[in-house]
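*Asks:* Dropping a prediction and its sequence here:
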Amino acid sequence: MSIRHLAASASADDIAAALTEDGAAIVDDLAPASVMDRAAEELQPYIAATGIGRDDFAGRRTRRTGGLIARSETCRDLVMNPLVLSAARKMLAHAATFQIHLTQVITIGPDAPAQPIHRDQWVFDFFKFPKGFEVQLNTIWAMTDFTAQNGATRVIPKSHLFDDGLKFEEKDTEPAEMAKGSVLFYTGSVYHGGGANRTDTARCGINLTYSLSWLRQEENQYLSVPFAVAETLPVELLRLMGYSYGGYALGYVDDLRDPIKVVKPDLAKSRTTNLGDAQERFRDQAKQWRGENNNA
């Protein structure tokens, strides 16, 4: 079956419904092509300096350029896209909070073979999460047109419902063909892979993924984004990067300080609660737990 396409006017509910049913969906023309061109201009020096992959999975004709929050103001806006964040909230609502997991431009060069088909959630040490329990929402923004010939991401629709550890080939997949500025949404459990590039030009996509906050991020945002840059970023973006509680007692600094107040000291002078959103959600549960386990 082909990958479902949605209009840019689609709601987060529409996207979540498509992902729940198929594991993947494309939102066409979510950003103007000019936004993609601006991102490409900002990132071109870094892409040019990025080495090719060291194995078949990373791609020996593929460049993977990270650190996009530090390197591109345009990518910061894409990370915070309201529709994407709303869809992430719906798909990852079974956890207190979610975080940015990875920022990366994937540049598939000419004559690159297809990437092995995989699930992105295998990055978590191949842990077998329960079927239906999603731990990631992934997006790939088309920085160039994606076609079946130039390396469009290949997806197996509905494979988020399949068993874990299966093996597939490119012929089992469907290409996520889309115009520049469109976005492929897919879950961490869907089987997919980068396609073979049979053209003489590179295919570029901006891969921005989100995960549950109690899982380790694939890209270390605290080191990828220098502290001097982090201090200049909006609070909402910093929290998404991981400067926040990932649960009732996850991610605090020294004496139970909210990590955002380390980056933004002025917040420490405010009267805001010492509990983050995640802590607020779990506070009553923790009180109940302590009452039931008062001998601990």
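*Replies:* The structure has been received and is ready for your questions.
*Asks:* how about the strands in this structure?
*Replies:* 5-6, 24-27, 62-66, 98-108, 136-142, 154-155, 174-175, 183-187, 192-193, 203-212 (DSSP state E).
*Asks:* Any idea which of the ones you listed gets closest to Arg239?
*Replies:* The closest of the strands of the chain to Arg239 is strand 98-108. By Cβ to Cβ, the value is 8.3 Å. Placement of C-beta: from N, CA and C, glycine included.
*Asks:* Put the alpha carbons of the closest one into CSV.
*Replies:* Extracted in CSV, the C-alpha atoms of strand 98-108 (Å, rounded to 0.1, in the frame of the first residue of the first chain):
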residue,chain,number,x,y,z
PHE,A,98,8.9,14.2,25.5
GLN,A,99,12.1,15.6,24.2
ILE,A,100,14.1,16.2,21.0
HIS,A,101,15.9,13.0,20.3
LEU,A,102,17.9,13.7,17.2
THR,A,103,18.6,16.6,14.8
GLN,A,104,20.4,15.6,11.6
VAL,A,105,20.6,16.4,7.9
ILE,A,106,20.8,13.2,5.9
THR,A,107,22.4,13.8,2.6
ILE,A,108,22.3,10.7,0.4
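*Asks:* in the chain, which spans are helices?
*Replies:* Taking DSSP state H as the test, the helices found in the chain are 12-22, 33-49, 68-71, 73-79, 82-91, 221-224, 227-230, 235-241, 260-263, 277-292.
*Asks:* For Gly251, which of those helices is the nearest?
*Replies:* Minimum separation from Gly251 across the helices of the chain (Cβ to Cβ) falls at helix 277-292, 8.5 Å.
*Asks:* and the closest residue to Leu43 other than its chain neighbours, how many residues sit next to it?
*Replies:* Spatial nearest neighbour of Leu43, excluding adjacent residues (Cβ to Cβ, 6 or more residues apart in numbering): Ser72 at 5.4 Å. When neighbours are counted by other Cβ atoms under 10 Å, Ser72 registers 23.
*Asks:* Same question for Val135.
*Replies:* 24.
*Asks:* got any ranges where the stretch 151-296 of the chain has weak pLDDT?
*Replies:* 268-296 (pLDDT under 70).
*Asks:* For Gln104, find the nearest of the helices of the chain.
*Replies:* Closest among those, using Cβ to Cβ: helix 68-71, at 7.0 Å.
*Asks:* Show me what the closest one is in contact with.
*Replies:* 42-43, 46, 75-76, 79, 100, 103-105, 206, 208, 221, 224-226, 229, 233, 237, 241 (Cβ atoms under 8 Å, 6 or more residues apart in numbering).
*Asks:* if we can go back for a sec, from Glu42, how far off is the residue nearest to Leu43?
*Replies:* The gap separating Ser72 from Glu42 is 4 Å, by Cβ to Cβ, to the nearest Å.
*Asks:* Relative to Ile47, how far out is the residue nearest to Leu43?
*Replies:* Relative to Ile47, Ser72 is positioned 11 Å away (Cβ to Cβ).
*Asks:* Repeat that for Pro175.
*Replies:* Counting by Cβ to Cβ - Pro175 and Ile47 are separated by 23 Å.
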